[in-house]
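>>> predicted structure and sequence below. I'll ask about it afterward.
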Amino acid sequence: MSVSHYDLCVVGGGINGAGIARDAAGRGLSVILVEGDDLASGTSSASTKLIHGGLRYLEHMNFRLVRESLRERETLLRTAPHLVRGMDFVLPMGGSGHPAWKVKLGLKLYSWFAGKTRLPRFRSVQNLAGEAFGLPLRPEYKRGFVYSDGWGDDTRLVILNAVDAAENGADIRTRTICTGLKAESGNWVVSLHDRNSQNNYSIHASAVINATGPWARRFLEGTGLDENDPDLPKVRLVQGSHIILPRQHKGEESYILPQPDGRVVFVIPYERDFTLVGTTEVDFAGDPKDAMASEDEMAYLCAAYNKTFKAPVLPEDAIFTFSGVRALVDQDKKSVSAISRDCRIYHHKRLSKPLISVFGGKLTTYRAQAERVVDLAVDLIKVVADPWTADQPLTGGEFDGGDLGAFISRQKARYPWLPEVLLKRYAQAYGARMDMVLDGVDSLSGLGIYCGQHVYEAELRYLVTHEWAQTEDDVLWRRSKLGLQVTDETAENIASTLSSIVA
Ligand SMILES: Cc1cc2nc3c(=O)[nH]c(=O)nc-3n(C[C@H](O)[C@H](O)[C@H](O)COP(=O)(O)OP(=O)(O)OC[C@H]3O[C@@H](n4cnc5c(N)ncnc54)[C@H](O)[C@@H]3O)c2cc1C
């Protein structure tokens, strides 16, 4: 294989890598993104999926991050309306939490930082028992607040950022591990290993971005680069786990439950039939791929839930769990909750060629983080290219002024034969790109092989052709969350249809 040259090589296909690749490719840089596994297979598929300022970060006086996150929440509600939406959160008062005046002050500050927003303002609720969303709560929770924040599809955000990057010319290579970096004749020589073909090869790049999330320090150690840099940020790996229960409440509201240890646990209606409860924070050592909810974490989440809700849940009620690992930039704080979720963008100045590492950060702020990384990269490789992502819809989001309801109604008229449940799922996952899934199809039978539970060959074909799906898990857990719903039979049908498409 001949050695190709790129302006930028992005290592890691989580939200940071995909966001950086999109931004850089849209500025006209030649970009390659390499992901050792599937896109979004790391932390970016294990988040709580909140697109939020982080009410509790106010307590730690992390005002800059809250303000930036709230600004980004607004940007994503506007530019990714298919994937990010508003959600109401009930904050019940009672038990041993903060006094109501303090919470109200916090919510006022939060609203003030949010500035002009499309989400409703918070309100206090004097009698929770008089509201449908108050009925599942234990009687000691008499009053509370309801406020709005953002919620998004984490894995689809990653995938559509990668798609947008590719449509702007980026070369996206999944199942491709970066195994080494060497500075040579004015460039980085980047060694790659293709896990499908088992081939080793190299490419050249003017600059490299280490966007390997919780693997960022491992990556630097593995490549032998800059290990002894005294200024290299110290990173603390922290695992967070979630449990998924059968749907516990009818309403669409989520709940935020402050805990005596200073954390908060969220209870969120999830994928129509489920309730998501998370998260924990536990120091982690080892390979982040091996993160798994422990019995203690599951017990902690159930205890937090049971303290607030009338109908108790047990760890064995969980039908699924997932865990992710954050890389927090260690500020020598003892409590993990007190460490900032801020992102540290680090230029390895001691190296002869530009290498930038991304440590920490939030899903919410990925776009702004990516913009800062690319600003720095273009500066280092001496090209002029202006930022653009704050105003441009993420691919699929260019519909009906960002009004998903209006878009769905319009699509219903366009595809009257498509079952409503499928139409809504397509609209929320693909936005305007659903027309690509349905290209040339005018009846249900035109969607090809039926795998069961509203999964058809046409969608799988689209995912293989345009979204790098290769395996059943790529489809069920990262291109969608269908893994929670499908039967073994549907999963087998998806696997066999996929293999006939990939072949
Ligand atoms: C439990 C939990 C809950 C969270 N909830 C929220 C939330 O609600 N809202 C919010 O804003 N943020 C949240 N976050 C934070 C957010 O999820 C992370 O900031 C974000 O996902 C990190 O993305 P990343 O791209 O840096 O890392 P990752 O998603 O982990 O991506 C890194 C990628 O690099 C790849 N890689 C590693 N080494 C190599 C190599 N040598 N070659 C090629 N590829 C490689 C990995 O396979 C991986 O896919 C949460 C985090 C956790 C842990």
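Perfect, I can see it now.
>>> residue 120 contacts residue 149, doesn't it?
No - in this structure residue 120 lies outside contact range of residue 149 using Cβ atoms under 8 Å: 10.7 Å. Placement of C-beta: from N, CA and C, glycine included.
>>> now do the helices in the protein.
For the chain, the helices defined by DSSP state H occupy 15-26, 63-79, 100-114, 154-167, 216-223, 295-308, 366-380, 404-414, 420-430, 434-437, 457-467, 472-473, 488-502.
>>> contacts only, for residue 324.
Residue 324 sits next to 42-43, 45-47, 239-240, 288, 291 when contact means Cβ atoms under 8 Å, 6 or more residues apart in numbering.
>>> so which of the residues you listed would count as near the ligand as well?
Subset of these in contact with the ligand: 42-43, 46-47, 240, counting by Cβ under 6 Å from any ligand atom.
>>> most neighbours, which of the residues you listed?
Counting neighbours by other Cβ atoms under 10 Å, residue 42 leads those with 27 neighbours.
>>> returning to what we had before: in CSV: the ones next to the ligand among the contacts of residue 324, plus pLDDT.
CSV is the format used below for these (pLDDT from 0 to 100):
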residue, pLDDT
42, 98
43, 98
46, 97
47, 97
240, 97
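>>> now, among those, which is nearest to residue 476?
Distance to residue 476, by Cβ to Cβ, is smallest for residue 46 among those, at 15.1 Å.
>>> just the ones of the ones next to the ligand among the contacts of residue 324 in strands?
By the criterion of DSSP state E, membership of these in strands covers residue 240.
>>> closest one to residue 158 out of the ones next to the ligand among the contacts of residue 324, please.
residue 42 (9.5 Å).
>>> how far off helix 15-26 does the least confident helix or strand in the chain by mean pLDDT point, in degrees?
Taking mean pLDDT, DSSP states H and E as the measure, the chain has helix 216-223 as its least confident helix or strand, at a mean of 91. With axes from the mean of the first three to the mean of the last three Cα atoms, to 10 degrees defining the directions, helix 216-223 sits at 70 degrees from helix 15-26.
>>> which neighbours do residue 120 and residue 149 have in common?
Counting by Cβ under 8 Å, 6+ apart, the residues touching both residue 120 and residue 149 are residue 86.
>>> one step back: what's the closest of the helices of the chain to the ligand?
Proximity to the ligand (Cβ to the nearest ligand atom) singles out helix 15-26 among the helices of the chain, at 3.5 Å.
>>> show me what that closest one is packed up against.
Helices and strands touching helix 15-26, by 3 or more Cβ pairs under 8 Å, 6 or more residues apart in numbering; DSSP states H and E, are strand 5-11, strand 31-34, helix 154-167, helix 366-380.
>>> got phi/psi on the closest residue to residue 221 other than its chain neighbours?
Excluding the flanking residues, the one nearest residue 221 by Cβ to Cβ, 6 or more residues apart in numbering is residue 227, at 5.9 Å. Reported as degrees, to the nearest 10, the phi and psi values for residue 227 are phi -60, psi -30.
>>> and for residue 227, the neighbour number?
11.
>>> pull up the gap between the residue most central in space within the chain and residue 311, please.
Compute the mean C-alpha point of the chain, and by Cα atoms, centre = their mean the closest residue is residue 154, 2.8 Å away. From residue 154 across to residue 311, the span is 28 Å (Cβ to Cβ, to the nearest Å).
>>> so which of the helices and strands packed on helix 15-26 comes closest to residue 472?
Closest approach to residue 472 among these (Cβ to Cβ): helix 154-167, 14.9 Å.
>>> and the closest one, what does it pack against?
In terms of contacts (3+ Cβ pairs under 8 Å, 6+ apart), helix 154-167 is packed against helix 15-26, strand 31-34, strand 171-173, helix 457-467.
>>> buried ones in it?
Neighbour counts over helix 154-167 (16 or more other Cβ atoms under 10 Å) mark 154-166 as buried.
>>> quick one on the thing from earlier: with distance to residue 246 added, can I get the ones next to the ligand among the contacts of residue 324 in TSV?
As requested, those are exported to TSV (distance: Cβ to Cβ, whole Å):
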residue	distance to residue 246
42	28
43	26
46	20
47	22
240	22
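>>> between residue 120 and residue 149, which is the more surrounded one?
Between residue 120 and residue 149, residue 149 has the larger neighbour count (other Cβ under 10 Å), namely 25 against 11.
>>> show me the strands in the stretch 201-350 of the chain, by range?
Counting by DSSP state E, counting those that start in this stretch, the segments of the stretch 201-350 of the chain that form strands are 235-246, 254-258, 264-270, 274-278, 282-283, 320-329, 343-347.
>>> I figured residue 468 hits residue 170, correct?
No - applying Cβ under 8 Å, one finds residue 468 not in contact with residue 170, separated by 12.0 Å.
>>> what sits against the residue of the stretch 51-200 of the chain found nearest the ligand?
Of all residues in the stretch 51-200 of the chain, residue 178 sits closest to the ligand, at 3.9 Å by Cβ to the nearest ligand atom. Contacts for residue 178 (Cβ under 8 Å, 6+ apart) come out as 9, 11, 34, 36, 190-192, 219, 223.
>>> what number of residues lie near residue 197?
10.
>>> ok, now the one 4 residues further on?
The number of residues packed near residue 201 is 15, by other Cβ under 10 Å.
>>> what's the answer for residue 104, then?
15.
>>> partners of the closest residue to it other than its chain neighbours in the sheet?
Leaving aside its chain neighbours, residue 104 sits nearest to residue 124 (6.7 Å; criterion: Cβ to Cβ, 6+ apart). Per DSSP bridges, the residues bridged to residue 124 are residue 145.
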